[in-house]
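Asks: Predicted structure and sequence below. I'll ask about it afterward.
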Amino acid sequence: MDITGFALVTGGASGIGNATCRALARAGARGIMVADINLEGAKKAVSEAQDVATNPAFKALAVHLDVTIEESVKHAVAYMVDSFGRMDYCIHCAAIPGGTFDELSSADFADFKHLLEVNVQGTFLVTSNVLAAMRAQELKQLHSTSPERGTTRGCLVNMASLLSYKALPGMVQYVTSKHAVMGISTTAETTAVENVGHDIRVNCVCPSYVDTAMVRRATEVVAGLEQTILSGIPMGRLASAEEIADIALFLCSPMSSYMTGCGLVADGGMSLFFGSR
Ligand SMILES: NC(=O)c1ccc[n+]([C@@H]2O[C@H](COP(=O)([O-])OP(=O)(O)OC[C@H]3O[C@@H](n4cnc5c(N)ncnc54)[C@H](O)[C@@H]3O)[C@@H](O)[C@H]2O)c1
C-alpha cells in the first residue's frame with residue numbers, strides 16, 4: 001500500500017484512531033498529526049507511532065483538539081499544514097458514544113444534544129476545514145506507476161458506522177449522529193462535483209462493533225449487551241481496532257483511487273441479520 005504522505009488523525013489517543021496512527025507509521029507515512037481532546041493520550045500515540053515507523057523521515061506531532069469548537073478545529077488544521085507543508089490524508093475518528101441507553105420515549109434530550117454536538121457538528125467542522133485546506137494545496141500524481149489514475153489533492157476518511165444505515169434500540173442519539181456523518185460525507189462528494197474537480201476523495205468506514213473503550217463502556221453499562229452483540233455477529237467476534245485502521249489506510253491509498261462518496265461496511269456479517277424478522 002503506497003502511504004507515503006502526511007496524515008491528520010483526529011481521536012488518535014484511543015481506539016481506532018490510535019491504531020490508525022500506528023498503521024500509518026508502519027505503512028511508511030512521512031508524518032502524522034495526532035489530534036485529540038486528550039492531549040496526554042495524543043502524545044503517547046505519537047511516541048508509539050515513532051516506535052513502529054518505517055519511513056526514515058517520519059515525524060509525529062500531537063495537538064489538542066476539541067472538535068466541538070470551531071477555532072480549535074481551525075487551529076489543528078492550520079498547525080498540520082504549517083508543520084508538514086500539506087495534508088495528504090485526514091482520518092476523522094473523534095467521537096463519543098451515547099451517555100444513556102434508553103428507549104426513544106424516555107431518551108435524555110441533553111445527552112442527545114451533546115452527542116450531536118460532538119459527532120455531527122464535530123464532523124461538519126473537521127470535514128469543512130480539511131476540504132478547505134486540501135483545496136489550497138498542490139495536485140500530486142495519485143498513483144506512482146499509473147498516471148492514468150489522475151491526480152489528487154488529498155483524501156478524507158470519516159468514521160461512520162453500520163448504524164449510519166441501520167438502527168438499534170436504545171441508541172437514538174448515536175444512530176442519528178452516525179446517519180448524519182454519512183450525510184455530511186456524501187454531501188462532500190456530491191459537492192463531489194466540486195471536490196472531484198479538486199481531486200479530493202471523501203469516504204467513510206462503517207464498522208459494527210470494534211473492541212475499543214467506546215464499546216467496553218457500553219457493555220459495562222448495559223447488562224447482557226456483550227452477549228447480545230456477539231450473538232448478532234456471524235463471525236462471532238468484535239473487530240479489532242487494527243482491522244478498521246487497515247480499511248482507513250486502504251481508503252487513503254492509491255489502491256482505492258476509483259472510490260469516493262462510499263461507506264465501506266465492516267461488520268463481520270452483522271448486517272445480514274438486520275431486517276430478517
Ligand atoms: N468502537 C466501535 O464499535 C465503533 C463502531 C462503529 C463506529 N465507530 C466510530 O469509530 C470512531 C472511533 O471510535 P473508537 O471506538 O475508537 O472510540 P474511542 O472512545 O476509543 O476513541 C475516541 C477518541 O475521540 C476522542 N474525543 C472524544 N471527544 C472529542 C472531542 N470533542 N474532540 C476531540 N477528540 C475527542 C477521545 O478522547 C478518544 O481518543 C468513532 O467515530 C466511533 O463512533 C466505533
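Replies: All right, it came through fine. Every value quoted in this text rests on a predicted model; they were computed, and no experiment measured them.
Asks: When you work out contacts or count neighbours from here on, use the C-alpha atoms and nothing else.
Replies: Fine.
Asks: Is M1 in contact with S257, as I believe?
Replies: No - contact criterion C-alpha atoms under 8 Å: M1 and S257 do not qualify, at 11.8 Å.
Asks: between those two, who's got more neighbours?
Replies: The neighbour count for M1 versus S257, taken as other C-alpha atoms under 10 Å, is higher for S257 (18 against 11).
Asks: ok, the residue lying closest to that one once chain neighbours are set aside to the ligand distance?
Replies: Closest residue to S257 apart from its sequence neighbours, by C-alpha to C-alpha, 6 or more residues apart in numbering: R149 at 6.8 Å. Distance of R149 to the ligand, computed by C-alpha to the nearest ligand atom, to the nearest Å: 29 Å.
Asks: Can you give me every residue that contacts R149?
Replies: Applying C-alpha atoms under 8 Å, 6 or more residues apart in numbering to R149 gives the contacts L142, H143, S257, Y258.
Asks: I'd say S253 and G5 touch.
Replies: No - contact criterion C-alpha under 8 Å: S253 and G5 do not qualify, at 9.7 Å.
Asks: ok, and K44, which helix or strand is that part of?
Replies: Applying DSSP states H and E as the criterion places K44 in helix 39-52.
Asks: Report the next helix or strand after that helix in sequence order.
Replies: Per DSSP H and E, helix 39-52 leads on to strand 59-64 as the next helix or strand towards the C-terminus.
Asks: So what touches the next helix-or-strand element following that following strand?
Replies: Using DSSP H and E, the helix or strand that follows strand 59-64 towards the C-terminus is helix 70-84. Outside helix 70-84, the residues that touch it by C-alpha under 8 Å, 6+ apart are 6, 8, 31, 33, 35, 63-67, 86-87, 125-126, 129-130, 133.
Asks: burial measure for the closest residue to E189 other than its chain neighbours, as a count.
Replies: Once flanking residues are discounted, E189 sits nearest to G261: 5.2 Å by C-alpha to C-alpha, 6+ apart. Per other C-alpha under 10 Å, the neighbour tally for G261 reads 19.
Asks: who's in contact with G261?
Replies: G261 makes contacts with S185, T186, A188, E189, T190, A192, R201, V202, N203, C204, as judged by C-alpha under 8 Å, 6+ apart.
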